[in-house]
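[1] any chance you can model this:
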Amino acid sequence: MGVTAWISNNMASQTKWIAQAGPYGIWIATLAGTLVVAIIAMVLVKAKGWYQDEKMRQKWRETPRSVNPLDTEFHKLRIDISSLANPFNKTIVGKKFTECELIGPAVFVFMGTGSATYGNFVSCDICVVRPGWIYNVIVFENCNFTHCKFYNCTIFISPDMIPAFKSMGAEFVTFTGDQGIDSQPRPSMQGNRPR
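    Sure, this is the predicted structure:
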């Protein structure tokens, strides 16, 4: 900034119409020149930050690693949920996921005797529904999840699953019947969605 101020002052001193305004004119021209350079530098730094953020988001959005949907165990993989579902009946049966990232968008339901422990839900909508078959969803049947992260999903659960999901910090979009959960304010839509 000091070099910028010196250059601006030098240029202002040698410009006749600014020099005729006297020391105040030179001082104002020096400040204006310094301000313009500062704004340009700030815009360049911000643009570089935006570029790096977008580059990082693009890398994160890369197509998840292709997996064999017939495997029964998955460890430390980023998986597109829809790639695992049986194309005929939309079920995923008897799988075990450990430290995986399960990526949506996907709408699914847990059925059977599976479990989910130490999960993390990012931009997910957890909906409590009455027990029974739900159409138009992917079904995780008898699947186990340990230390998994779910991204951008709508998850239907039965009322008996509420305590497990509450302990994992899930945010419910429907009423649960638990006053402790239902009375908590929901975060704003802007803060709850990835940019």
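[2] okay, now the unreliable bits of this structure?
    Residue ranges of the chain with pLDDT under 70: 1-10, 12-13, 18-19, 24, 59-66, 181-195.
[3] cutoff 50 now
    The model of the chain has pLDDT under 50 over residues 189-195.
[4] residue contacts, the nearest residue to Ile155 once chain neighbours are set aside?
    Among residues not flanking Ile155 along the chain, Ile126 sits closest, at 5.2 Å (CB to CB, 6 or more residues apart in numbering). C-beta: built from backbone N, CA, C; applies to glycine. Neighbour list for Ile126: Ile155, Ile157, Phe165, Ala170, Glu171, Phe172, Val173, Thr174 [criterion: CB atoms under 8 Å, 6 or more residues apart in numbering].
[5] show the backbone phi and psi for Ile126.
    The phi/psi pair for Ile126 (degrees, to the nearest 10) reads phi -100, psi 120.
[6] what of Arg78?
    The phi and psi values for Arg78, taken as degrees, to the nearest 10, are phi -100, psi 120.
[7] just use 50 as the starting number from now, easier for me
    From this message on, residue numbering opens at 50, which makes the last subject Arg127.
[8] that one: how many residues sit nearby?
    If you count neighbours by other CB atoms under 10 Å, Arg127 ends up with 16.
[9] now Phe214
    Residues near Phe214, counting by other CB under 10 Å, number 21.
[10] which strand or helix spans it?
    Take DSSP states H and E as the rule and Phe214 turns out to sit in helix 211-216.
[11] other SSEs contacting that helix?
    Counting contacts by 3 or more CB pairs under 8 Å, 6 or more residues apart in numbering; DSSP states H and E, helix 211-216 packs against strand 164-166.
[12] how about the spatially closest residue to Ala165 that is not a sequence neighbour, what does it touch?
    Leaving aside its chain neighbours, Ala165 sits nearest to Phe194 (4.3 Å; criterion: CB to CB, 6+ apart). Phe194 sits next to Phe146, Cys149, Leu151, Gly163, Ser164, Ala165, Thr166, Gly168 when contact means CB under 8 Å, 6+ apart.
[13] which residues touch the last one?
    If you count contacts by CB under 8 Å, 6+ apart, Gly168 has them with Phe194, His196, Cys197, Lys198, Phe199, Phe214, Met217, Ala219.
[14] give me the helices and strands touching the helix or strand that the fifth one is a member of, please.
    Remark: Phe199 resides in strand 198-206, with elements defined by DSSP H and E. If you count contacts as 3+ CB pairs under 8 Å, 6+ apart, strand 198-206 packs onto strand 150-160, strand 169-171, strand 174-177.
[15] contacts for the shortest one, please.
    Yep, that's strand 169-171 we're talking about. Cys197, Lys198, Phe199, Tyr200, Asn201, Cys202, Ile204, Met217, Gly218, Ala219, Glu220, Pro243.
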